[in-house]
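# Quick one: sequence and predicted model below, then my questions.
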Amino acid sequence: MSSSSSLLRPSLMICHPTLHNPTPDNAATFLRWTKLHNRDLLDLPATSHGDKITRALRFAKANATGASGEYFYTILSTRGAVWHSPQYRARSTRLDLENTRVLGEGEEGVGCALGDMVWDICEAKFCIYEEVRSGGVGGAGHGYADHPRGGGEKWVVGVSLDGDEGEVERVWKELVVYVQRGVGEEGKVYSSLYKHGGKEAQPDKHPEIAGDRIGGGKWLVLVLIVDEKGDKGEGDIEGLVEDWGKDQGEGVTAGVWKEELDMF
């Protein structure tokens, strides 16, 4: 499959933001900006082919203040061509987004100096993936993009893998089965397999996530866990994934983050 096919398939952008000065106040500022920015992305007009950004999610470690690795953002689109469209390129990266448009009902201004840019407080790395397969493995009947809004606390397990597609699919299935058993009947699991889109899929002026980081490798598995009872903590999910990882070889890297924001 050529990398250009990534422009024509359902697409996932992974973003790793890191604050220059991780503090609770700066983290709160960045969250306010993220909410406005995600709304701007979701409200972008469709391309001439009808493609749009459809969902934007933020996951974070407990008590995150914006240090490296604490945030994990996933942004879904109908096709990878969206990231190269005039609509996407025209998005604003100003920090004071409240001064670029009228705030909607319930929206809060970022509250920063006029004309500041988001890059004044953070840096970010990105990677574009194409969806290969969703659901249908282990106990996951549906894909990552189909997980419900609301309905309990949610955790995402991100796993970067190397290897050929057959081996990757085997590891993916084993992970889903292991996670479903670990969370029990009260936990619902949604999962998809993604392939790195290659250089042609990467938007201009978007520094790429390193290949040894989760969300930068050749293959990416996302497992979304819905904890309907709300009795699981970060340590429970991390312990489950760590136990699974003990039997994996080289080239498999996993991480866990809790859902903080789901916009559509």
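Yep, that arrived.
# Check the secondary structure at residue 255 for me.
With DSSP: H, G, I helix; E, B strand; the rest coil as the basis, residue 255 sits in strand.
# typo on my end, residue 225
Criterion first, three-state DSSP; result for residue 225: strand.
# how near is the residue lying closest to it once chain neighbours are set aside to residue 127?
Taking Cβ to Cβ, 6 or more residues apart in numbering, and ignoring the residues beside it in sequence, residue 225 has residue 155 as its nearest neighbour in space, at 4.5 Å. C-betas here are computed from N, CA, C, even on glycine. Going from residue 155 to residue 127 by Cβ to Cβ, to the nearest Å gives 21 Å.
# Spell out which residues sit in contact with the residue most central in space within the chain, please.
Geometric centre of the chain, nearest residue: residue 74, 1.9 Å, by Cα atoms, centre = their mean. Residues in contact with residue 74 (Cβ atoms under 8 Å, 6 or more residues apart in numbering) are 12-15, 56-57, 59, 144, 156, 222.
# Show me the shaky parts of this protein.
1-6, 139-140 (pLDDT under 70).
# make it 90
1-9, 49, 115, 135-141, 150-152, 163, 184-187, 228-234, 247-251 (pLDDT under 90).
# Strands of that one, start to end?
Listed in chain order, the strands found in the chain under DSSP state E are 11-19, 53-60, 71-77, 122-134, 153-161, 187-196, 219-227, 252-263.
# among these, which is nearest residue 204?
Smallest distance to residue 204 across the strands of the chain (Cβ to Cβ): 10.9 Å, for strand 122-134.
# Tell me how far that closest one lies from the chain's centre.
Distance, stretch centre to chain centre, for strand 122-134: 7 Å (Cα atoms, centre = their mean, to the nearest Å).
# try stretch 82-92
On Cα atoms, centre = their mean, the centre of stretch 82-92 falls 18 Å from that of its chain.
# cool, and stretch 80-96?
17 Å.
# list the buried ones in it?
For stretch 80-96, burial by neighbour count (16 or more other Cβ atoms under 10 Å) applies to 80-85, 87-88, 94-96.
# ok, residues contacting it?
Contacts of stretch 80-96 (Cβ under 8 Å, 6+ apart): 6-9, 11, 13, 29, 33, 37, 40-41, 44-47, 49, 51-53, 77, 100, 109-110, 112-121, 128, 130, 197, 201, 203-204, 206.
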